[in-house]
Every structure is written in structure tokens, then in C-alpha cells.
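J.: I would like the atomic coordinates for the input below:
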Amino acid sequence: MARKSRRNADNTAVMITNNMATGKVYHAALYARISSEDERKRECESMENQVKLLRDYVGSCEDIAEYDLYMDRAVTGTMFDRPEFNRMVADMRAGKFDCVIVKDLSRLGRNYLEAGNYLESIFPIFGIRFISITDRYDSLTSKATEDSLIVPLKNLINEAYAKDISRKVKSSMDAMKKLGKYTGEKLPYAYKRDPEDKHHLIVDEAVAGIVVRIYEERAAGKGLTKIAAGLNAEGIPSPGRYLYETGVSKEEKFRTSLWGSSTIQRMLKNRVYVGDMVQGKTEKALYKGMGTTIQSADEYIVVEDTHEAIISRELFDKVQKMFERTGAEMKARKRTQELFEKPENLYDELLVCGGCGKKMGLRSKKVNGKRRVFYYCHYSGSNGEKCKGKYIYKSKLDGAVAAFLRQQISVYMGCLEQMKKINTSSERTSELKVMKKEINQIENKAEAITVKCRRLYADFADGILSEEDYLFAKQSYMDEQERLQDTLEKKKHEADHFEKTYGGDAEMAAAYQKHDEFEVLTKEVVRDLIGKIIFHGKGRMEIKLRYEDELQAFMREIEGNGDGYGE
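T.: Numbering: from 1, shown residues only. Here you go, the predicted structure:
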């Protein structure tokens, strides 16, 4: 090999030799996190300062290079299910870096058990060097006798701090609620935040009249569904759609939301419209990262006359008495009905109305003395002709879906048998042998390059090769290794198509073969094979397969390979 200097070794290769004393350069994931509480604190807790500290530290280390930056904003440290943290863990599992650096242990997390699990188990398993800058902790150089005690202790302190903050925040919020201050994130319909006091509600005059209309129509005896139907017919935006149209919310689901009986009922029972504040209906254990829990009515925090009312108390009380009467009537009807257990909804989000695009519900009722179960659109009585008559009996839908799936499975299994014949023909068998031989040759070449790389470093360490010769040759080998790997993956993919067991896309093949000759339509069968069912009414529906594109591709492949092969 020539010994002359070569100047075109890339920066990556040069970086790898920055610390040749150890022969190791760590590629680091820089992780920064800031919670909502941190954002309210002093400037030194800002995300920008964290990132600067991390990058300044990396810049001072010759044996560390930045791989990527991961930043979680306004995310609590008590939970480890964070978007950027999850991305970092996925990259770690993929072997993309071998070092994690944080500002301090609390950035990793304030949950003692989870943080300790990462430090003591997960990071070591994946060969990750962990550095906490302000704690002066480096797993590469730490002393087991000291750090085995210090690190868990700091994690315990972090968790205690999180619990203390959670208790203080809850205490502060409860105090505000008792003063009649609004602490919720989502505003009640027809109210806005007071520009001078964000915890005080003021009337949104643009839609306050809609609230009055709803109460007056209900007081006059109009049903909830009919009230909703009238609002939808006039094109009056629902609360969700109003938020979307005014730019308060950007959630796409609100763009086409409609008035429904449940929305009307919630508004008619909400004391906010008479000027009262009712809060504390739910509670959340922040430091545990737990979901909300529903409180009993006697635990609600109620403060009267905290803001301007939209309706009178007389009108509100009249509507509540109507609810009491209808509630008693419904209980009486239930007592006279025979006990009936509603069957499982096999379709969940998969069955949607062709009129409004919303998911359809499942209910049962007596029809001509017989109990019938059917799927229906929730807006069939409130969205005019679009959703009118959008219902179908469960037995009829299940029968249609089962027949359709059996037909599609039969088509697939027929294609599978045809592909087996093609792949067992002498021509295809010979082609597969050639492919496997080529794959074996490529694997041997890749292994040979790996051996050469080891010898190359040995020559460099012994002084036989100069640093620049070493880097140039190493980069050449790495490029060739990458090219061979790409070719190998393509060849293996091609060879898979020649195997006797090949049945198209792997997930599709597993699903169809798993449910071949199913006897009873179950939720598992539907989930594995159905993509969506759009019901258009009067028995008309559109059933979309989950693997529709993959099945078509498999059929085209058989058609393209069938000529020239066979019995």
C-alpha cells in the first residue's frame, strides 16, 4: 500500500482519532427537558441555557462528539413517556449513539425508580456512558463506592421535590378555586378570559345568544335532539367548531364537529351560565403522573356569583326540574324492561357514517316486541338528510362483513397456492440457488473487509501506516462495506420472493393465514383485516381492507411471474 499522504479523509474519520490514547470517541445524545413549572421560574432554567451548557461541555471534551439534540418542552419529569425522550430511547436501541448527557439528574427524570432503572440497568445494557454535568457524575469514571450511594440519593431528592411541587401547586389551585377563580384550561362555551385577569370569565357576546336560545327552547318542551338539529340546520357552529373557526383550537377534529344531544345536555346542566363557578370535579396526582380521577359531587368547590350570568336562575331551575322528571321516567321504563346485555361492538372506530364521517354507535331496543341490536349515527336525528336513516341491524352488518372477508381470504389463499406452484418450479428453484450463492459471496466479502479493517488498525498502531494513510484506507473500506450491505439487503429481499412460503407482505400473510376458515366473526378478525367501513344507508356500505394495497401488489406479482412457470 502506498505510504504517501492523502488529504481527502473526511471530518468524521478525523474526529474518530481525536483521542487516540483511548481509541474511543463517544457519540452523545444531548437531552434537555423543561417543565411548565420550570418555565415560570428564573431565566437560568430556560431551555436555551440548558442546550448551551450541554454543547459547551461537549466542546470541552476531546473524546465526545454530539450525535443529536433531544428537547422536551413543558413536560413533567415524573413521567418517562415523553416525545423526545422516546425518540432518544429508540435511537439508543438502534445503536446510533453510545453516550447520554444531561444538565443534571432531574432533567433525566424526577421519578426515583424509573431514573434508577435507566442508570443502573438500561444504560449499562446498551453500553451507554451517562454524564450529568452539574452533578459531576460520569459513569465512565465514577467510583462505585461513592456514586452507588450519591446517585440514588439525588434521584430520591428529585422525586421528593416533584411531590412537594405537586402538593404546593394543588394547594395553590384549591385556594384559587375557593376564591371563585377559574383555573381550567378549556373555557366554557360563550365565555372568554378577562384580559385584565385570566382567572375571571367575561361573556362572549358573539355566541351568548345561542345559550339563551338553547335554554328557552328546552324550557318550552323541545327535545335535546331537536334543539341540536335546529342549530345544525341553520349552520350555527358547535362549540368545538367555533373554537376551530376562531383560531382558539387547531385540532382538525373540531373543523366538522356538530351539535349533538350530549353537548346540549352538558350546557343545560352547567351552572356557569347563571354566574356560578363549579370546580374540582376531577383531580390529578401530578407527581405520580396519574390520570384524572372523578370526584363525588360533595367534593366539588362551588362559589356563587363569580362572573356575569347569561341566563336567569329561574330559567335554569325550570330546566333542571325537567331533567329530574325525565330522569325519573327513564328509570321507571328501565325497571319494566327485561334485562338485556348489549353485545360487544366489533368495529369501534372502523365503522363510520357516510354522511358526517363520525363513528357509529351500538344500541338495542324493542321492535315489534323483539329485542333488536343495531348500529346508528349519533347525528341521525340532528344533521338533516346527511345522516337521516343511517342505521343498520347488527346481524345484517356482521353477516355482510363475514361474507366479504371469507371471499377475500379465499382469493388470497388461492393466490398463495398459485405462488407456491410458481416458486417450486424448476426454473424458480434454479434462480433461488443462484441468488443464495450470490448472497453467500457478498457476505464473505463483507466479512473479509471486517478482517482487513482490524489488520489496518493493527498496522496503524504498530506505526506501519501513517495516520492519514490509515484514515484514507479505513474510509474506503467503510464505503465498500456500506455498498455491500445495501446490495445484500436487496438480494435477500429478492430471494424472499422465491421461497416456497412466500405470501406477499409479511404482516398481510400472517393475518390472512391466521384467520383462514374463521367460523365466528370476532373483534380480532375485524381488527386484523378491516381498514374502514363507510355506511351510506339503506344497506349500502363500502368495506376497505386493511391490507388492500398489499393484496393488490401480491396479485400483480403473481400475474407478472406466472408466465413461463407452472406445472
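J.: I'd assumed Met92 was in contact with Ile128.
T.: Yes: here Ile128 lies in contact with Met92, judged by CB atoms under 8 Å, at a distance of 6.4 Å. All C-beta spots, glycine's among them, are computed from the backbone N, C-alpha and C.
J.: quickly list what's touching both of those two.
T.: Common contacts of Ile128 and Met92, defined by CB atoms under 8 Å, 6 or more residues apart in numbering, comprise Val100.
J.: could I get stretch 356-368 in PDB with only the CA atoms?
T.: What follows is stretch 356-368 as a C-alpha-only set of coordinates in PDB (Å, rounded to 0.1, in the frame of the first residue of the first chain):
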ATOM      1  CA  CYS A 356     -70.900  13.000   8.500                       C
ATOM      2  CA  GLY A 357     -67.800  10.700   8.800                       C
ATOM      3  CA  LYS A 358     -68.300  10.200  12.500                       C
ATOM      4  CA  LYS A 359     -68.100   6.800  14.200                       C
ATOM      5  CA  MET A 360     -71.400   4.900  14.600                       C
ATOM      6  CA  GLY A 361     -72.700   3.800  17.900                       C
ATOM      7  CA  LEU A 362     -74.300   0.500  19.000                       C
ATOM      8  CA  ARG A 363     -77.600   0.300  20.900                       C
ATOM      9  CA  SER A 364     -80.500  -2.100  21.500                       C
ATOM     10  CA  LYS A 365     -84.300  -1.600  21.700                       C
ATOM     11  CA  LYS A 366     -87.500  -3.500  21.300                       C
ATOM     12  CA  VAL A 367     -89.000  -3.500  17.800                       C
ATOM     13  CA  ASN A 368     -92.400  -5.200  17.500                       C
END
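J.: how far off centre is it?
T.: Computed by CA atoms, centre = their mean, to the nearest Å, the chain-centroid distance of stretch 356-368 equals 29 Å.
J.: equivalent analysis for stretch 300-320, please.
T.: Centroid separation for stretch 300-320 versus its chain: 39 Å, with CA atoms, centre = their mean.
J.: equivalent analysis for stretch 469-485, please.
T.: That offset, for stretch 469-485, works out to 39 Å (CA atoms, centre = their mean).
J.: ok, now stretch 206-213?
T.: The chain centroid and the centroid of stretch 206-213 are separated by 37 Å under CA atoms, centre = their mean.
J.: shift numbering so it begins at 55
T.: With 55 as the first residue, the last one maps to stretch 260-267.
J.: check which residues of it are buried.
T.: Residues of stretch 260-267 classed as buried under the neighbour-count rule (16 or more other CB atoms under 10 Å) are 261-262, 264-265.
J.: and if you look at stretch 486-503?
T.: For stretch 486-503, a neighbour-count test (16+ other CB under 10 Å) marks 486, 489, 493, 496, 500, 503 as buried.
J.: so which of those sits lowest on pLDDT?
T.: Among those, Leu486 has the lowest pLDDT, at 78.
J.: sticking with that one, tell me its helix or strand.
T.: Per DSSP states H and E: Leu486 is located in helix 480-515.
J.: so after that helix, what's the next helix or strand?
T.: helix 521-550.
J.: where does the residue lying closest to Arg594 once chain neighbours are set aside land on pLDDT?
T.: In space, Arg594 comes closest to Gly408 once its chain neighbours are excluded; the distance is 8.0 Å by CB to CB, 6 or more residues apart in numbering. We have a pLDDT of 90 for Gly408.
J.: next, count neighbours for Gly408.
T.: Neighbour count for Gly408, taken as other CB atoms under 10 Å: 18.
J.: wait, doesn't Val266 sit right on Ser366?
T.: No: the criterion here is CB under 8 Å, and Val266 misses it with Ser366 at 9.7 Å.
J.: and the chain, what are its domains?
T.: The record's domain parsing of the chain by automatic domain parsing lists 65-221, 245-387, 455-614.
J.: the strands in the stretch 205-354 of the chain, which residues?
T.: Here the stretch 205-354 of the chain has its strands, by DSSP state E, counting those that start in this stretch, at 245-248, 251-257, 331-333, 336-338, 346-348.
J.: sorry, back to before: next one: the helix holding Leu486 to chain centre, how far?
T.: For helix 480-515, the distance to the chain centre is 40 Å (CA atoms, centre = their mean).
J.: now, which of the buried residues of stretch 260-267 sits nearest Ala512?
T.: Val261 (78.0 Å; CB to CB).
J.: which pLDDT value belongs to the residue nearest to that closest one when sequence neighbours are not counted?
T.: Closest residue in space to Val261, ignoring its immediate chain neighbours: Ala244 at 5.0 Å, by CB to CB, 6+ apart. As predicted, Ala244 sits at a pLDDT of 93.
J.: isn't Ala244 up against Val266?
T.: No: the criterion here is CB under 8 Å, and Ala244 misses it with Val266 at 9.2 Å.
J.: overlap in contacts of these two?
T.: Common neighbours of Ala244 and Val266 (CB under 8 Å, 6+ apart) are Ile364.
J.: returning to that earlier point: now the buried residues of stretch 260-267 as JSON lines including pLDDT?
T.: As requested, the buried residues of stretch 260-267 are exported to JSON lines (pLDDT from 0 to 100):
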{"residue": "Val261", "pLDDT": "93"}
{"residue": "Ala262", "pLDDT": "93"}
{"residue": "Ile264", "pLDDT": "94"}
{"residue": "Val265", "pLDDT": "95"}
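J.: where are the low-confidence patches of this protein?
T.: By pLDDT under 70, the weakly predicted segments of the chain are 55-77, 90-99, 128-133, 164-167, 197-226, 336-351, 381-396, 421, 423, 616-621.
J.: next, name the residue at the spatial heart of it.
T.: Closest to where the C-alpha atoms of the chain average out (CA atoms, centre = their mean) is Pro137, at 9.1 Å.
J.: so that one sits against Arg127, correct?
T.: No: in this structure Pro137 lies outside contact range of Arg127 using CB under 8 Å: 9.5 Å.
J.: ok, and the closest non-adjacent residue to Ile155?
T.: In space, and not counting its chain neighbours, Ile155 is closest to Ile185: 4.5 Å by CB to CB, 6+ apart.
J.: next one: Tyr433
T.: Cys441 (4.5 Å).
J.: got the contact list for the one you found?
T.: Neighbouring residues of Cys441 by CB under 8 Å, 6+ apart: 407, 409-410, 431, 433-434.
J.: among those residues, which one sits closest to Phe308?
T.: Nearest to Phe308, judged by CB to CB, of those is Cys410 at 13.6 Å.
J.: how about the contacts made by that closest one?
T.: Contacts of Cys410 (CB under 8 Å, 6+ apart): 310, 312, 431, 433, 437, 440-441.
J.: can I assume it sits in a strand?
T.: No: counting by DSSP: H, G, I helix; E, B strand; the rest coil, Cys410 is located in no strand; its state is coil.
J.: quick one on the thing from earlier: shared neighbours, Pro137 and Arg127?
T.: Joint contacts of Pro137 and Arg127 (CB under 8 Å, 6+ apart) do not exist.
J.: columns distance to Arg425 on top of the domains of the chain, output as JSON lines?
T.: Formatted as JSON lines, those follow (distance: least, CB to CB, whole Å):
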{"stretch": "domain 65-221", "distance to Arg425": "43"}
{"stretch": "domain 245-387", "distance to Arg425": "14"}
{"stretch": "domain 455-614", "distance to Arg425": "20"}
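J.: out of the ones you listed, nearest to Asn399?
T.: domain 455-614 (8.2 Å).
J.: Lys413 versus Phe308, what's the distance?
T.: 16 Å (CB to CB, to the nearest Å).
J.: also Ile256?
T.: Between Ile256 and Lys413 the computed distance is 36 Å (CB to CB).
J.: before we move on, what about Asn477?
T.: With CB to CB as the criterion, Asn477 and Lys413 are 42 Å apart.
J.: neighbour-wise, which of these two wins?
T.: Neighbours were counted for Asn477 and for Lys413 using other CB under 10 Å; Asn477 has more, 19 against 16.
J.: so which of the contacts of Cys410 is surrounded by the most neighbours?
T.: Cys431 (27 neighbours).
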